[in-house]
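*Asks:* Sharing a sequence plus its predicted fold:
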Amino acid sequence: MKKYLIILIFIILFITLIFYIIEKNYNIELNENEITNSIQNGLGEELDISLIEKYIISNSNTQIIFFEYSKKNGYALFKKNYFNNKLKLVSLNKNLLDEYIGIIYTNKGNYIILSGNYNEKVDSFLVKEGDSEYLFKVENIAGEFGNLYITLETIPRSITEKMLENPILYNENNEQVY
């Protein structure tokens, strides 16, 4: 009997620890004021920030919040926890004109995100690694706000950040943009 009681106590302590870690990491309420404060903390400055738009990636736990500050447009990547219904700031990009390409990991699969100031609208991009080539269709989710592209479908888990170092970007006529 004592053995079962000790095991039960350890299980309760373990579950309590998990909930404590979740509560500590996911601490941003789902309201504009809390989201704005977390972006300001991420920027490290007290700036006047206005939230423009929210984009949820394929009904996943990951969302992109577009914001404007000091005549610049940026975005923040948040993950939502379903236990406490709060957010955590995953990454922050101060300027949509900065060239960036990276992988977003969601609970519904992985996606590639691409930002920068390109001469033309990007329709797809090619990633090469050795003998492997991957062509991904993208859409601009920032609209008139700037250039932020995301793959339309999940990417294979075998794609790595290193493979994204030299992408080839194409417009809708399959002409190389970058």
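*Replies:* Yes, it's here. Residues are numbered from 1 along each chain as shown.
*Asks:* which residues touch the residue positioned nearest the centre of the chain?
*Replies:* Closest to where the C-alpha atoms of the chain average out (CA atoms, centre = their mean) is residue 77, at 4.0 Å. Contacts of residue 77 were listed using CB atoms under 8 Å, 6 or more residues apart in numbering, and they are 62, 63, 64, 89, 90, 91, 92, 104. To be clear about C-beta, it is placed using only N, CA and C from the backbone, and glycine gets the same treatment.
*Asks:* Quick check, the third one in contact with residue 57.
*Replies:* Yes. Applying CB atoms under 8 Å, one finds residue 64 in contact with residue 57, separated by 7.0 Å.
*Asks:* before we move on, the earlier item: redo the contacts of residue 77 as JSON lines? Include distance to residue 119, neighbour count and pLDDT.
*Replies:* Output for the contacts of residue 77, formatted as JSON lines (distance: CB to CB, whole Å; neighbours: other CB atoms under 10 Å; pLDDT from 0 to 100):
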{"residue": "62", "distance to residue 119": "29", "neighbour count": "20", "pLDDT": "94"}
{"residue": "63", "distance to residue 119": "29", "neighbour count": "18", "pLDDT": "93"}
{"residue": "64", "distance to residue 119": "24", "neighbour count": "22", "pLDDT": "92"}
{"residue": "89", "distance to residue 119": "32", "neighbour count": "18", "pLDDT": "93"}
{"residue": "90", "distance to residue 119": "30", "neighbour count": "14", "pLDDT": "93"}
{"residue": "91", "distance to residue 119": "26", "neighbour count": "14", "pLDDT": "91"}
{"residue": "92", "distance to residue 119": "26", "neighbour count": "18", "pLDDT": "91"}
{"residue": "104", "distance to residue 119": "25", "neighbour count": "20", "pLDDT": "92"}
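*Asks:* Return the subset of those lying in strands.
*Replies:* Within the contacts of residue 77, residues falling in strands by DSSP state E are 62, 63, 64, 89, 90, 91, 92, 104.
*Asks:* TSV please, covering those and showing distance to residue 43.
*Replies:* Output for the ones in strands among the contacts of residue 77, formatted as TSV (distance: CB to CB, whole Å):
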residue	distance to residue 43
62	20
63	18
64	16
89	11
90	15
91	12
92	7
104	20
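*Asks:* which among the residues you listed gets closest to residue 144?
*Replies:* Ranked by distance to residue 144 (CB to CB), these are led by residue 64 at 15.7 Å.
*Asks:* For whichever strand or helix holds the residue nearest to the centre of the chain, what is the distance to the chain centroid?
*Replies:* Residue 77 belongs to strand 72-81 when assigned by DSSP states H and E. Strand 72-81 sits 7 Å away from the centroid of its parent chain (CA atoms, centre = their mean, to the nearest Å).
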